[in-house]
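Participant: could you look at this predicted model? Sequence included:
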Amino acid sequence: MERKRKYIFIIGIDWPPTTFIMRKLKALTESNEFNIIAGISSPRKRTDFTLKFPSVKLVKLSHTDDPIISRILILFINILKLLIKSPKKLFQLITIARQNSGNLKAFFNLLIDYSTIALQQFDIAHFEWAISAYKYLPLLRYLKKPYTISARGRQFTIEPLINENYRERLKEVLTYAKAVHCVSKSLAEETKKIYKNSNTVIIYNGVDLGMFKCNSDKKSRGLNVIFIGSLIWRKSVDSAIYIFYRYFKLGGQGQMFIIGDGEEKQKMYSTINNLHLSDKVKYLGKKNEQEVAQILQNMDVLLLPSFAEGLANVILEAMATCTVPIVSDVHGNSEPIIHGKTGFLFPLLALDKPAKYLYHLYTHPKTLREIKEQARKGVEEAFTLQHMQEGHVKFYERLLL
Amino acid sequence: MRIVLYIYHFPRFSETFIVRHFLHLVKNGIDVYVIAHRTDELPLFPELHPYKDRIRYLYPSRPKLKAFFNLLVTLIRSTILHPVLMFKYFKVTIPLLGLVNSFKKFYLEFPIFDIKPDIVHFEYLTLARDHIHLKKVFGFKAVTSFRGHDVIYTGIEDKNFYSNTFIQLDSVHTIGNYLVDYAKKFRNFQNNVHVRKIPPAVSCELLELEKRYSGSDGINEPVKILTVGRLHWTKGYEYVLKALSILKERGLKFEYHIVGDGPLREMIIYLSHVLNIKKNVIIHGKLSFSETIPLYLSSDIFVIGTLWGSLREGFSNAVLEAQALGLPVVAGEYPENVKFVQQNKIALPVERRNPEDIANKLELLIKNPSLRKEIGLNARKFVKEGFTLDKQAEEFLKLYKEVLQDEKD
């Protein structure tokens, strides 16, 4: 007899969701064990409601950019439904929303979300961005619903260090979470530093090996080096360009490419100009996943001198395309890399070392070839889509079935 | 000679050099006005109060209803007082900006109608770019200042970002040749524009303050290291912090004081944690100049990771102030000037973005109190000889006279 599917309510995502959430949804719904309710928090005008997914129900949550009329209408309908179903619940929700909002506007938006969520039938809630769970804690406690969270990037690596208030809130979220999905061992450690009894489960992100392939025909003089990432301080594109400059000073040859966008774009341009690298460093702008996969096939080295990372997906994608990662040894970056065998690691901001690694690869083509092959194998062993999807299904099976 | 100094906001602590420039011109009998947005810092500059009538504030653009009412008033007023200029203004701006934007611009630029200057000095190149069309209406001479950020990175994606501005300028004031070289190479700046190099300057009063040099050597007593500067990517804080973590690994004791605020505050706090120097780093936030002076006087070394600037040409106001107060400075320098800086012992130049090099130079100073004093005193002399406000003011007067003289010739 077929088992009744359990309902997971993923609260606070964009629609269409980012690639890794999309893959997770696919894995969970294809397992025939789970149905998903996607709680969309992106603004209405940026939401694509025509994108449907089998076994996924879309529920729109409030956003301050949404037209006020539509928000009033949603609240009105929700109130009517709750009045018919359970007036007591409605009054309880109003009380909780009032207690947890500082002003009328916040109360209004919170009541929309609370009433929308309370009208759904679900077995467990999940928050892809842990801190967003904080505002729903009173509601989930009242509804007696368990929840899980995902631990990703700066929410665990940076914010708790710079903001004590944030750290306290995160600790409260962790205290009541039934389980915490971490994208790396390092993030699991960071999680336990904040709340030591956290039930952490590591599920690495996976790469689509069909899309991210090696290109054995690639031939070029010198190394093709690439930086991929947002142009923001924690990715440090400036350091990446400087490493390439040092490599060049050592006598290396080749070209550098930069993919990404962000507030440090002007810094990137001025660094390229100041180091007189305009003819050697090319900025390619922002690219989608397929374009990145294609470009990576023609690269030799990924250079990523980030200051903080959960575990950068681009490292896995690069390794899958036989591109050697040379990355800063911060948080989870070291987990897919065996130093010297499948890539290279260097201490934060120790910029002479990666320049020397680059030069070593340039002067030792055989080593370069070997590391490229090993990098691909490293991903095949533990970081495929299948690994990731199985991980997510098991995560919920353990909690719900 | 009637001069307008066109500025974004006035007065501001972070731009006291403009306040000083204005005061110096007024006190030398120049008919000078400032056009800028209002700031709430005016009460903190009592020396400006006698000249309030020379500061013309732009009308606020919000609340919109008030702005609309003000626009009507300015239209009526200028129709009565400046009908010809107003006609010329719209004749120039409507083809350039369109009807609606032309009216919006008129509202923001209205204060200049009452002044009718001979020279407008746009204190930033970006301001010149936004308002250079006024030159066609009023027929003034246009001067602009080249400062770091507007030349080095604003609009850098487009090589022609300033092209239209450059061809209309009568003169350019630059704080260093490196900016002119950069503009020529990357900003399409033409050789035929008149350029005058006038470095930044410090008040002579600073040179009279006495600094006591400590004997701290970083082994028994911690050395006090200081940076004064906005917490912005241009300042290269990450490389300085890494250098300090290297010093800590080498067993040296130090305190690192940062005066400034800005978008990279979180980066600095984060890096201080992960580089294990959290206890050594003290961020004071934004301080007034008078509040900063005791920090300059009690510090042993001034370090700055700024990604451009020249020690030889007068690096920046904060660095010059540090030097004027006798602090030895560790900062980047262009290769062609390194020899000069080293020979004259006015600072310790480092390779930009190179934490190891920054750490080595800092260590050298930490371990040698006598070298700190020697470089500090040399730097003070260097500033006294070439970077005082009096000298700068004379240079500006020469520049303005030259610009007007060109017209007569």
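Facilitator: Yep, it's here. Here the structure is a predicted model, which is why all the values come from computation and not from measurement.
Participant: residue ranges of each domain in chain B, please.
Facilitator: Chain B breaks down by automatic domain parsing into domains covering B:2-59+B:110-201+B:389-408, B:204-386.
Participant: can you tell me which of those domains is most buried?
Facilitator: domain B:204-386 (a mean of 20; mean count of other CB atoms under 10 Å in any protein chain shown). In this view, the C-beta of every residue, glycine as well, is placed from N, C-alpha and C.
Participant: could you tell me the end-to-end distance of that one?
Facilitator: Domain B:204-386 stretches 11 Å from its first residue to its last (CA to CA, to the nearest Å).
Participant: which bits of chain B sit near chain A?
Facilitator: Selection of chain B residues close to chain A by CB under 8 Å from any CB of the partner chain yields B:152-154, B:156-157, B:182, B:185-186, B:233-234, B:238-239, B:242, B:264, B:266-267, B:269-271, B:273-275, B:307-308, B:352-356.
Participant: kindly recompute the last result at 7 Å.
Facilitator: Residues of chain B that fall close to chain A, judged by CB under 7 Å from any CB of the partner chain: B:152-153, B:156-157, B:186, B:233, B:238, B:242, B:264, B:266-267, B:269-271, B:273-275, B:307-308, B:353, B:355-356.
Participant: filter the residues you listed down to the ones in helices?
Facilitator: B:152, B:186, B:238, B:242, B:266-267, B:269-271, B:273-274, B:355-356 (DSSP state H).
Participant: in CSV: the residues you listed, plus pLDDT and distance to residue B:210.
Facilitator: Below are those laid out as CSV (pLDDT from 0 to 100; distance: CB to CB, whole Å):
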residue, pLDDT, distance to residue B:210
B:152, 92, 36
B:186, 92, 44
B:238, 97, 35
B:242, 98, 34
B:266, 96, 38
B:267, 97, 36
B:269, 97, 34
B:270, 97, 38
B:271, 98, 35
B:273, 96, 38
B:274, 96, 40
B:355, 97, 34
B:356, 96, 35
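Participant: quick check: the farthest pair among the residues you listed?
Facilitator: B:186 and B:273 (36.5 Å; CB to CB).
Participant: tell me how chain A divides into domains.
Facilitator: Split by automatic domain parsing, chain A gives A:6-61+A:123-206+A:385-400, A:223-382.
Participant: pick the most deeply packed of the ones you listed.
Facilitator: domain A:223-382 (a mean of 20).
Participant: low-confidence ranges, chain A, go.
Facilitator: Scanning chain A for pLDDT under 70 picks out the ranges A:1-3, A:218.
Participant: what residues does it put near chain B?
Facilitator: Residues of chain A lying close to chain B by CB under 7 Å from any CB are A:158, A:161-162, A:233, A:242, A:264, A:266-267, A:269-270, A:273-274, A:307-308, A:348-349, A:352.
Participant: which of the domains of chain B has the lowest average pLDDT?
Facilitator: When the domains of chain B are compared by mean pLDDT, domain B:2-59+B:110-201+B:389-408 comes last with a mean of 90.
Participant: tell me how far it lies from the chain's centre.
Facilitator: The chain centre lies 12 Å from the centre of domain B:2-59+B:110-201+B:389-408; the measure is CA atoms, centre = their mean, to the nearest Å.
Participant: and what of stretch A:299-315?
Facilitator: In terms of CA atoms, centre = their mean, the centre of stretch A:299-315 is set 13 Å apart from its chain centre.
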